[in-house]
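> take this sequence and fold it.
(chains A and B)
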Amino acid sequence: MLDVVRSLAGRDLLAALRSRADVLTTLIFFVIVASLFPLGVGSDTALLRMIGPGVVWVAALLASMLALGRLFASDYADGTLEQLILAPQPLGMLVLVKVAAHWLVSGLPLVVVAPLLGLQFDLGTDALLVLLASLLLGTPTLSLIGAIGAALTLGLRGGGALLSLLVLPLYVPVLIFGAGAVEASATGLGAAAHLSLLGALLLVALVFAPWTTAIALRIAVE
Amino acid sequence: MLSVNALECVRGERRLFSGVNFELKPQTLLEVRGANGSGKTSLLRLLCGLLAPASGCIEWNGGDIHASGEEYRAQFAYIGHLNAVKDELSGLENLLFSARIAGLVCNAASAEQALHELGLSDFRHLPCKVLSQGQRRRVALARLYLSAARPLWILDEPFAALDSAACELVRARLESHLQQGGMVVLSTHHDIAISARSTQHLELGQ
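I've put the predicted structure just below:
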């Protein structure tokens, strides 16, 4: 069992490492989108401080959606997905491993650079820490929810646009609590409630998303 | 033992085949033939449980394959017409990872040996995107050298894209598996005579 988990994660991480350009695209997209706002809105620090958390969160959300296409598409095209479904392990567990590996290369880098982007919006140290925590709890949820959409749109023409229509509405709660956490800490309310809710969303997604994704993948290869 | 009873396959609006019956015992080879689009691949995917039959049933040792999912999946090896070979990884890495994910017992030495058997020793460290179609097929088929513990082999056009030397190697591998009590189901257009204690033929689309 452990051997299977290690091999599957190892293969995905190694393949991602060999095609670094794909991984960097997501990260650069995130940095550019978040940097466009200070340029477009102007240098009013009070305004920037107000919109900062929301902008960084929306940019993270779009970037993580952009990366979803890579999650199952190549496995579907080269037949690896069939072999995964035929592996003697529960498919839901394999999906969870794949999503975790995907998050490590597409979600975690966003979390790491987010505080730097936060500086552009003149966020204080406390707000930056809360931003980091909220993204750390929120981006895995985005990957898990996105996996369902990615599996449902496998093999469809124009799947990319459909994927965003399916997935973006489901991202809304994560966005509200994620950006809300930073705002709440900035106004002195404390971010604990928002972060707890983000954690709860993550737990719910951990339980249901791999299972739902597995069903969608089985339908996709039929 | 694999037994198939009154199997019917419908894809979209089309009925590909119906009333397919056969029973596969150890040391038996089943050759599935038929024109393009006659449902050979669909039949093999039904046997794997990737597709659900429109009617009829597939049983492994007396139990329905859909009921005993994970148990049954540990009994067979499937190589589809897609190679399941990752472009970014080398042949050796591909084989090691895919064998371990499939739950086969495999270490670096046995994987190297498997690639060596199929004449890939010199290419084992090259990324698969630079390999030819036939070489990728060989990487996929190398899994057969690690699948001795799986009694049932389901192979979709195993000889496609292979040169005659590789066809010969694969034929020998299939024969030795059959001799050791294995079962092989394969679809093919090639006239490669595989000797087995008992050979069944299934012609689809008639």
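> show me where chain B has helices.
Secondary structure of chain B (DSSP state H): helices at B:40-48, B:69-73, B:91-101, B:108-117, B:133-141, B:164-179.
> list the contacts for A:Asp75?
The contact partners of A:Asp75, taken as CB atoms under 8 Å, 6 or more residues apart in numbering or on different chains, are A:81, A:84. Every residue, glycine included, has its C-beta placed from N, CA and C.
> check which helix or strand covers it.
Assessed by DSSP states H and E, A:Asp75 sits inside helix A:45-78.
> phi first, then psi, for residue 124.
All of this refers to chain A. Note on A:Gly124: its backbone torsions stand at phi -70, psi 170 [degrees, to the nearest 10].
> the chain in question should be chain B.
Torsion angles, degrees, to the nearest 10, at B:Arg124: phi -70, psi -20.
> A:Leu117: what's it in contact with?
Going by CB under 8 Å, 6+ apart, A:Leu117 touches A:30-31, A:34-35, A:56, A:59.
> returning to what we had before: do the helix or strand just after the helix holding A:Asp75 and chain B meet at all?
Going down the chain from helix A:45-78, the next helix or strand is helix A:80-86, by DSSP H and E. Yes. Helix A:80-86 is in contact with chain B by CB under 8 Å from any CB of the partner chain, via A:80, A:82-86.
> can you list contacts of helix A:80-86?
Contact with helix A:80-86 is made by A:8, A:72, A:74-75, A:91, A:94, A:217-218, A:220-221, B:48-50, B:73, B:78, B:80, B:82, B:84, B:86, B:98, B:101-102, as judged by CB under 8 Å, 6+ apart.
> which parts of the helix holding A:Asp75 are buried?
Residues of helix A:45-78 classed as buried: A:48-49, A:52-76, A:78 (neighbour count, 16 or more other CB atoms under 10 Å in any protein chain shown).
> again, but for stretch B:140-155
The neighbour-count check on stretch B:140-155 (16+ other CB under 10 Å) flags B:140-147, B:150-155 as buried.
> got a markdown table for the residues you listed, with pLDDT too?
A markdown table is the format used below for the buried residues of stretch B:140-155 (pLDDT from 0 to 100):
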| residue | pLDDT |
| --- | --- |
| B:Ala140 | 94 |
| B:Leu141 | 94 |
| B:Ala142 | 94 |
| B:Arg143 | 93 |
| B:Leu144 | 93 |
| B:Tyr145 | 93 |
| B:Leu146 | 93 |
| B:Ser147 | 91 |
| B:Arg150 | 93 |
| B:Pro151 | 93 |
| B:Leu152 | 94 |
| B:Trp153 | 95 |
| B:Ile154 | 95 |
| B:Leu155 | 95 |
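> just the closest of these to chain A, please.
Within these, the smallest distance to chain A is 8.3 Å, found for B:Ala140 (CB to the nearest CB).
> let's verify A:Ile28: helix, strand, or coil?
Secondary structure, DSSP: H, G, I helix; E, B strand; the rest coil: A:Ile28 is helix.
> also A:Ala214?
Assigned with three-state DSSP, A:Ala214 falls in the helix class.
> how near is it to chain B?
With distances taken as CB to the nearest CB, to the nearest Å, A:Ala214 is found 12 Å from chain B.
> model confidence score at that residue, please.
At A:Ala214, the model reports a pLDDT of 96.
> ok, it - how many residues close by?
22 (other CB atoms under 10 Å in any protein chain shown).
> which stretches of chain B have low pLDDT?
B:206 (pLDDT under 70).
> now the helix or strand where A:Pro169 lies and helix A:45-78, what's the angle there?
Element membership for A:Pro169 (DSSP H and E) is helix A:159-186. Here helix A:159-186 points in a direction 150 degrees away from that of helix A:45-78 (axes from the mean of the first three to the mean of the last three CA atoms, to 10 degrees).
> and chain B, what are its domains?
For chain B, automatic domain parsing gives the domain ranges B:1-75+B:151-206, B:86-147.
> would you turn the ones you listed into TSV with distance to A:Leu129?
Formatted as TSV, the domains of chain B follow (distance: least, CB to CB, whole Å):
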stretch	distance to A:Leu129
domain B:1-75+B:151-206	44
domain B:86-147	37
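> now do the contacts for B:Ala67.
Contacts for B:Ala67 were tallied using CB under 8 Å, 6+ apart; there are none.
> between the residues of helix A:80-86 next to chain B, which sits nearest A:Pro210?
Nearest to A:Pro210 among the residues of helix A:80-86 next to chain B is A:Leu84, at 12.5 Å by CB to CB.
> check A:Glu161 and give its pLDDT.
That one is not Glu; residue A:161 is Ala. If you check A:Ala161, the pLDDT there is 87.
> I'd like to know how far it sits from A:Leu142.
Distance from A:Ala161 to A:Leu142, counting by CB to CB, to the nearest Å: 18 Å.
> out of these two, which sits in the busier spot?
In this view A:Ala161 and A:Leu142 are compared by other CB under 10 Å, and A:Leu142 has more residues nearby, 30 against 10.
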